[in-house]
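1. starting from these lines, generate the structure:
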Amino acid sequence: TRPRRACARSHLSSLREPGRVLIETHQLTKRYGDFCALEDVSLHVAQGEVFGLLGPNGAGKTTLLRLLLGFLRPTAGHATIDGVDCYHHSVEAHRRLAYLPGDARLFRRMRGDETLKFFAEIRPAGDYARSLQFAKRLDLDLRRRASQMSTGMRQKLALAATLAARVPLLILDEPTSNLDPTMRSVVAKLVREAQAEGRTIVFSSHVMSEVEEICDRVVIMRHGHVVHTQAMSELRRQHRITAQLRGPLPIAPAEFQDSLSISQNEFGEVVIETPLPLAPLLGWLSKLPVEEVRIEPLGLRAIYDRHHAEDPATDSATDSATVEATIEQ
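-> Predicted coordinates for the structure are as follows:
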């Protein structure tokens, strides 16, 4: 087992360069006859980044992940992981990653500890002792067979096996579906710890609050297209000001016009969205006939709704489809 461990660590240590592009796609497209599941997607993910895919069911998130994994042949374009073509050299690409699918199956007759040992032994990057540590943190009873576990427990078992693999890239498709809020917080912490180790995480979800908490950068998908890319550090500097005014919509001063979005909501309130510092804006607002004002961080919801107003993402895991958790590596 020692040579296998050394091989696994060499992959991990060789990819610890900040800012290095680990995943890259160029005009990636997948069609099924006349139906286009993914079209012209070009993106990059840096080493050490937690990269989120956000969108409703059918947006193309899982198709994109399956193309990255080499499970599907692109209709056009290409994808690489650490410079390795994901489809033509998928075996080599798989040595660099661990994958938690949202729709896989576990061996139902195996106990939890047997399942973790199986996955640790079938790949060079496996680490049984490490998977036991993750299982403990996820509060798993490993004496039970998978068939005796709840859906949430099987989800945690799959997570423990995936997170334990000593690889530079984790691809997690709906990793917290079926988990309660406490366990979702634990998973968020484990993802951040993986990032602190230098690993890259691709995190797919349609739970808004989860993506906002965990990810460094998010792409919003709709009908197979990437419609927006958002750095969360930039979003956290932006604010929404909602005010009740007497009179018509105000016209922003010239120095603010390129950095303000002014609209009116269904309640007749004026809504101002801006990345600017608040102090000069409040000075301008104080000169207006304001009756009431609310100031809040802009949040990912506002960005998402610009592109998905009629089919918004959910705010809690209870809205996610119930699926059996499994792992494919």
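2. how far away is residue 261 from residue 304?
-> Distance from residue 261 to residue 304, counting by C-beta to C-beta, to the nearest Å: 15 Å. Where you see a C-beta, it was placed from the backbone N, CA and C, and this is true even at glycine.
3. which one of the two has more residues nearby?
-> Taking neighbours as other C-beta atoms under 10 Å, residue 261 and residue 304 compare with residue 304 leading, 25 against 14.
4. shouldn't the more buried one be in contact with residue 54?
-> Yes. Residue 304 is within contact range of residue 54, at 6.7 Å (criterion: C-beta atoms under 8 Å).
5. who are the contact partners of residue 203?
-> Counting by C-beta atoms under 8 Å, 6 or more residues apart in numbering, residue 203 touches 50, 51, 52, 53, 172, 175, 191, 211, 214, 215.
6. what about 10 Å?
-> Listed by C-beta atoms under 10 Å, 6 or more residues apart in numbering, the contact set of residue 203 reads 50-54, 170-176, 187-188, 191, 210-211, 214-216, 218.
7. if we can go back for a sec, now for residue 304 and residue 54: what residues contact both?
-> Shared contacts of residue 304 and residue 54 (C-beta under 10 Å, 6+ apart): 206, 208, 211, 212, 218, 220, 222, 228, 230, 313.
8. where does the fourth one land in three-state SS?
-> What it means is residue 212. Using DSSP: H, G, I helix; E, B strand; the rest coil, the structure places residue 212 in helix.
9. pLDDT score assigned to it?
-> Residue 212 carries a pLDDT value of 89.
10. equivalent analysis for the fifth one, please.
-> The predicted structure scores residue 218 at 96 on the pLDDT scale.
11. ok, the one 5 residues further on next?
-> Residue 223 is assigned 94 on the pLDDT scale.
12. what's the burial count for the spatially closest residue to residue 245 that is not a sequence neighbour?
-> Counting by C-beta to C-beta, 6 or more residues apart in numbering, residue 245 lies nearest to residue 270, which is 5.3 Å off, once chain neighbours are set aside. For residue 270, the count of nearby residues is 21 (other C-beta under 10 Å).
13. kindly report the same for residue 28.
-> Residue 28: 24 surrounding residues under other C-beta under 10 Å.
14. and the gap between it and residue 231?
-> In this view, residue 28 and residue 231 are 21 Å apart by C-beta to C-beta.
15. which residues touch the spatially closest residue to residue 87 that is not a sequence neighbour?
-> Of all residues not flanking residue 87 in the chain, residue 70 sits nearest, at 4.8 Å (C-beta to C-beta, 6+ apart). Going by C-beta under 10 Å, 6+ apart, residue 70 touches 79, 81, 84-94.
16. before we move on, the earlier item: can I assume the residue nearest to residue 245 is in contact with residue 241?
-> Yes. Under the criterion of C-beta atoms under 10 Å, residue 270 lies in contact with residue 241, with a separation of 8.1 Å.
17. need the overlap of contacts for these two.
-> Both residue 270 and residue 241 are contacted by 262, 285, 290, 293, under the criterion C-beta under 10 Å, 6+ apart.
18. so what strands line up beside the helix or strand containing residue 218?
-> Mapping residue 218 onto the secondary structure by DSSP states H and E places it in strand 217-222. According to DSSP bridges, strand 217-222 forms sheet pairs with strand 50-54 (parallel), strand 225-231 (antiparallel).
19. buried deepest among these, which one?
-> Comparing the strands paired with strand 217-222 by mean neighbour count (mean count of other C-beta atoms under 10 Å), strand 50-54 comes out on top with a mean of 25.
20. can you tell me the average pLDDT over the helix or strand that it is followed by?
-> Downstream of strand 50-54, the next assigned helix or strand under DSSP H and E is helix 61-68. Averaged over helix 61-68, pLDDT sits at 95.
21. centre of the chain to helix 61-68, how far?
-> Put simply, helix 61-68 sits 13 Å off its chain's centre (C-alpha atoms, centre = their mean, to the nearest Å).
22. picking that back up, who touches the residue nearest to residue 245 in this structure?
-> With C-beta under 10 Å, 6+ apart, residue 270 has these contacts: 241-245, 247-250, 262-264, 285, 288, 290, 293.
23. give me the buried subset of those.
-> Applying a neighbour-count criterion of 16 or more other C-beta atoms under 10 Å, the buried members of the contacts of residue 270 are 241, 242, 243, 245, 250, 262, 285, 293.
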